[in-house]
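A.B. asks: take a look and give me a structure for this.
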Amino acid sequence: HFMVQGGDPEGTGAGGNSIWGKAFKDEFKPQYTHTGRGVLAMANSGPDTNKSQFYITYRSCKHLDSKHTIFGKLVGGMDTLNAMERIGTDNKDAPVEEMKIERVAVFVDPFQEAEDELKAEREAELLKASEELKKIPKPVVKERKVFTSGVGKYINPAIKKEARKAEDIGEGPSIKKKKTNSYALKDFSGW
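C.D. replies: Residues are numbered from 1 along each chain as shown. Purely as a prediction, here's the structure:
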């Protein structure tokens with residue numbers, strides 16, 4: 001056996017309602033897994049069918065991850081869990097002796113603890129990312145010299161003068177093409 005199941009007030013293994021009087025949704029957190037003895041999780045009959053039944057694992061049950069809502073872990077009382085595991089079961093997997101959990105103590109709110117851990121991890125990641133950004137050299141932006149204002153303000157006037165001189169020297173007599181304005185219908189057999 002890999003777990004003990006409880007929480008059915010009828011003792012049939014099929015009964016029990018949630019505190020809301022109906023089934024409630026699964027709540028999966030990636031940091032909570034069925035690793036080791038004493039994991040406390042909701043028993044269900046499929047997605048979002050949690051009611052009053054729960055189970056406590058005797059060993060790791062990775063195949064139950066993301067199928068059952070984990071809401072706690074035993075931090076003491078392992079001798080009691082060992083004694084529960086030693087009780088035999090009948091052909092329907094029900095214990096041959098009645099078992100009752102008479103008292104429990106909640107030591108830590110696991111959700112607050114998980115949120116604190118996630119917050120610390122995120123802060124560490126942000127710090128690491130900002131340190132890495134500081135190591136990246138900033139690109140050197142070459143300052144462009146402004147010669148005038150408006151369009152062409154970055155063009156050096158001395159270069160403009162040289163370009164004009166080169167244009168004046170390169171110009172020779174201009175030859176104009178004769179324009180013909182004749183239109184005629186030709187043979188269209190090639191169409």
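A.B. asks: what's the first helix or strand after the longest helix seen in the chain?
C.D. replies: Among all segments of the chain classified by DSSP state H, the helix with the greatest residue count is helix 110-135. Towards the C-terminus, the helix or strand next in line after helix 110-135, according to DSSP states H and E, is helix 157-170.
A.B. asks: how far off centre is that following helix?
C.D. replies: Centroid displacement of helix 157-170 relative to its chain, using Cα atoms, centre = their mean, to the nearest Å, is 62 Å.
A.B. asks: send me that helix as CSV with only the CA atoms.
C.D. replies: Included here for helix 157-170 are C-alpha records, laid out as CSV according to Å, rounded to 0.1, in the frame of the first residue of the first chain:
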residue,chain,number,x,y,z
PRO,A,157,29.5,72.9,-45.8
ALA,A,158,33.1,72.4,-47.0
ILE,A,159,32.1,69.0,-48.6
LYS,A,160,29.0,70.7,-50.1
LYS,A,161,31.3,73.2,-51.8
GLU,A,162,33.6,70.5,-53.2
ALA,A,163,30.7,68.6,-54.5
ARG,A,164,29.3,71.7,-56.3
LYS,A,165,32.8,72.4,-57.9
ALA,A,166,33.0,68.8,-59.1
GLU,A,167,29.6,69.1,-60.7
ASP,A,168,30.5,72.4,-62.4
ILE,A,169,33.8,70.9,-63.8
GLY,A,170,32.1,67.7,-65.0
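A.B. asks: quick one: list the elements packing against the longest helix of the chain.
C.D. replies: Counting contacts by 3 or more Cβ pairs under 8 Å, 6 or more residues apart in numbering; DSSP states H and E, helix 110-135 is packed against strand 70-73. Just so you know, the C-beta spots here come from the backbone N, C-alpha and C atoms, and that holds for glycine as well.
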